[in-house]
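Asker: predicted model and sequence follow; I will ask about them next.
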Amino acid sequence: MTRPTKMKDIAQALGLSVATVSRALAGSSRISEATQARVREAAERDGYVVDLAARTMRSGTSSIVGLLLPDIENDFYSTAAKAIADCCRERGAQLVLAVTGDDADLELHHLRNLCSARALGIIMIPSIAPAAETYRLMRSVPLVQFVRESAKVESDWFGIDDAQAMRLAAEHLIERGHRRIAYIGSTLAISTGRARLAGFRRTLEDAGIEPVDELLLSGSCDAEFGAAAMDKLLSLRQRPTAVVTAGARICVGAYDSVRAHGVEVPHDLSFVGFSDAPMLKWCGPGITTIAMPVRDLALATTDHLFRKVAEGKRKEEAFCKVMLRPTLVERRSTAPFVEAPLRRRAAPVDMIAAK
């Protein structure tokens, strides 16, 4: 195994000082463009790699930005991760992605590693029930909570107006005459789950509609729960005429259940999705959904984190709370409500016999 090229090797080969080589690689204005070009060419030719560990020891922080997500199967999270990675790259930082699976122990493990690596800052979607040490570590580093917000940690937070998202969905269905409207959302143990259900209930109540408990289902954030909840709704003696799904993966699972039951959308059931993954344009008639400004939110969050790191944070400053507004994307999965007997009224037996 050959010894890795060091900065002093480049300096010796070019007849320069180590300090000059270091400044040239950093793009210092004190070094001429011609010398910078010579140094970069030599570094590339000899396979020189910056010693990040040494740089971290000198500066006290690394160039790493941590991103903790529950999963990357969710189109919302994968889109956000791509935008955050782009933003980090433009600033010469390295994004380190950690998937927690909403597991508190795994979340703590990843957070410890990021803190040990002296991460420049962290963007984090807290798990459903973080460990006590997780809360302590969250307070010890430059951190922005993303989408979800834990009230146990005072920090900056960037998210979506979740109550408004559900108002848009419910009002869309109410305007089409629906009154028996179901809701499938994530657990009330997280801020987004609470805000979305509260927004949905409030919208029904404002329209003079009493929310029906058997139509309001909250649980985990995955597709499996979405499917199970939709199965339950479709097994009711009096089915809902419309449903609002309040999670990207919940939407996928619920729609799979609808198809498995042979329910025709929107003839038998009006269906409102969540987020706007490309596939929703092609599902059945095209899914009416609540679209999130995911990329804008991710870029705003990352920009804020870098400003926070650059400027520092005085204790007396208030924490930043930012909500971006969602929009309703209308497609063909919703329709005006029509009384079921009028749609599918069977002819009386005696009339059939007479014919």
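Answerer: Perfect, I can see it now.

Asker: for residue 263, which non-adjacent residue is spatially closest?
Answerer: Once flanking residues are discounted, residue 263 sits nearest to residue 269: 5.2 Å by CB to CB, 6 or more residues apart in numbering. Glycine gets a C-beta too; all of them are placed from N, C-alpha and C.

Asker: domain map for the protein?
Answerer: Domain assignment for the chain by automatic domain parsing gives 7-50, 61-160+296-324, 162-292+328-338.

Asker: any idea of the mean pLDDT in the shortest one?
Answerer: For domain 7-50, mean pLDDT rounds to 82.

Asker: wait, isn't the residue nearest to residue 263 in contact with residue 243?
Answerer: Yes: between residue 269 and residue 243 a contact is recorded at 6.4 Å, counting by CB atoms under 8 Å.

Asker: more crowded one of these two?
Answerer: residue 243 (30 against 23; other CB atoms under 10 Å).

Asker: doesn't residue 41 belong to a strand?
Answerer: No: judged by DSSP: H, G, I helix; E, B strand; the rest coil, residue 41 forms no part of a strand; its state is helix.

Asker: follow-up on the earlier one: for the domains of the chain, which one ends up most surrounded?
Answerer: Burial of the domains of the chain is given as mean neighbour count (mean count of other CB atoms under 10 Å); domain 162-292+328-338 ranks first at a mean of 20.

Asker: ok, which stretches of the stretch 251-355 of the chain are helices?
Answerer: 294-311, 340-343, 349-354 (DSSP state H, counting those that start in this stretch).

Asker: name the residues that touch the longest one?
Answerer: What that stands for is helix 294-311. Contacting residues not belonging to helix 294-311 are listed as 65, 76, 79-81, 83-84, 87-88, 91, 93, 120-121, 123, 142, 144, 146-147, 156, 158-160, 275, 320, 322, 324 [CB atoms under 8 Å, 6 or more residues apart in numbering].

Asker: switch the cut-off to 6 Å
Answerer: With CB atoms under 6 Å, 6 or more residues apart in numbering as the test, helix 294-311 has contacts from 76, 79-80, 83-84, 87, 91, 120-121, 123, 142, 144, 146, 158, 324.
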